[in-house]
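Trainee: sequence first, predicted model second:
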Amino acid sequence: MTSSDETLYISLFGDLEIRQGKTLLPKFTTQKSMSLFSKLVLNPGKYFSRDYLAEMFWGNMPIDKARKCLRTDLWRIRKIIDSNRNIEQSYFLHKKGHIGFNGKSGYWLDVEDFEEKLTLLSHLSIDEIDDEGFQILQSCVDLYKGDLLETLHDDWCCLQREALRSQFLTALEILMRYHKHHSDWTLAITCGQQLLVHDPLLEHVHLELIRCHYMKGNRPAAIRQYIECRRLLSDELGVSPMDETERVYRTILSVKKPMQLHETQSPQETTPVSNGKSVVKHIDMALANLYNAEGLLTSASKQLRQEDN
């Protein structure tokens with residue numbers, strides 16, 4: 001077991017950062033060194049042929065020169081993170097003509113931690129996520145400080161970058177739904193807005209924000225969210241909002257005096273209405289009744305048209 005002062009902490013989200021315990025290690029002097037190190041670290045325990053790596057990173061050079069460049073960059077990497085360790089303690093695995101990153105060495109990698117945390121929650125529904133699950137979920141989202149190696153433009157990391165980005169958006173959406181499930185509209189809105197920063201065309205997120213703004217008591221914000229959603233879909237994709245989005249919008253417009261849920265109050269502190277239910281539950285029930293009524297009217301209208309024909 002490696003002590004915390006000896007652990008190699010590697011962060012690949014955003015820009016590459018390496019710490020030995022609490023000590024920040026120097027940055028690699030070349031993009032190739034950073035890219036090569038990251039490729040090995042993201043595949044712990046896997047051996048790569050030296051010729052494969054030489055071709056991958058210096059494919060535009062004759063093989064002899066590419067091998068020399070590989071040796072030089074491996075030396076640069078070891079000089080920074082492996083200089084005070086013997087072969088048995090090395091962060092690298094060596095086999096004839098092959099090299100890899102030692103997955104059993106004392107290290108921590110943010111990408112691994114992120115994926116492990118998300119896996120723990122992958123089988124749970126929103127109402128099954130308890131306080132501990134929430135802490136894991138929040139930690140997972142906090143780990144994502146930016147896209148994988150965002151300053152690196154090598155082809156090899158593009159697919160993994162997109163896959164991790166998709167996982168992050170999934171985690172953030174789960175967090176949004178968790179807060180919505182617990183009637184914490186402000187935090188749910190914050191998560192939804194973060195999602196739209198990454199992808200403004202997520203209509204289902206716009207829809208959740210419309211609902212959350214209204215449930216918070218901010219009817220104008222709900223209407224503005226719909227207008228922004230409609231504009232983006234029209235300008236970027238040339239389409240209209242889906243039926244559910246339109247239905248929720250029309251329902252909100254039809255409620256002339258929406259209940260107010262003050263921002264200073266927590267969901268548990270909302271003022272009860274005359275029948276003893278909280279404002280949140282009252283609004284939720286009102287919306288549900290309106291949705292059901294509209295659905296019945298739509299079905300009846302279709303049936304009448306069919307009978308006329």
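Mentor: Looks like it arrived, so ask away.
Trainee: for the rest of this, base every contact and every neighbour count on C-alpha atoms.
Mentor: OK.
Trainee: next, give phi and psi for Lys96.
Mentor: Main-chain dihedrals, Lys96, degrees, to the nearest 10: phi -50, psi 120.
Trainee: same question, the one 5 residues further on
Mentor: When quoted as degrees, to the nearest 10, the phi and psi of Phe101 stand at phi -90, psi 140.
Trainee: how about it: what's its closest non-neighbour residue?
Mentor: Here the nearest residue to Phe101 in space, its sequence neighbours aside, is Phe92; by CA to CA, 6 or more residues apart in numbering that works out to 4.5 Å.
Trainee: quick one, what contacts that neighbour?
Mentor: By CA atoms under 8 Å, 6 or more residues apart in numbering, the contact list for Phe92 reads 99-102.
Trainee: mean confidence score for the helix or strand harbouring Glu116?
Mentor: Glu116 belongs to helix 110-121 when assigned by DSSP states H and E. The predicted model assigns helix 110-121 a mean pLDDT of 96.
Trainee: how about the CA coordinates for it, as PDB?
Mentor: Extracted in PDB, the C-alpha atoms of helix 110-121 (Å, rounded to 0.1, in the frame of the first residue of the first chain):
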ATOM      1  CA  ASP A 110      -9.200  11.000 -12.200                       C
ATOM      2  CA  VAL A 111     -10.700   9.200 -15.300                       C
ATOM      3  CA  GLU A 112     -10.700   5.800 -13.500                       C
ATOM      4  CA  ASP A 113     -12.300   7.300 -10.400                       C
ATOM      5  CA  PHE A 114     -14.900   9.100 -12.500                       C
ATOM      6  CA  GLU A 115     -15.800   5.900 -14.400                       C
ATOM      7  CA  GLU A 116     -15.900   3.700 -11.300                       C
ATOM      8  CA  LYS A 117     -18.200   6.200  -9.500                       C
ATOM      9  CA  LEU A 118     -20.600   6.300 -12.400                       C
ATOM     10  CA  THR A 119     -20.600   2.500 -12.700                       C
ATOM     11  CA  LEU A 120     -21.700   2.300  -9.000                       C
ATOM     12  CA  LEU A 121     -24.800   4.400  -9.800                       C
END
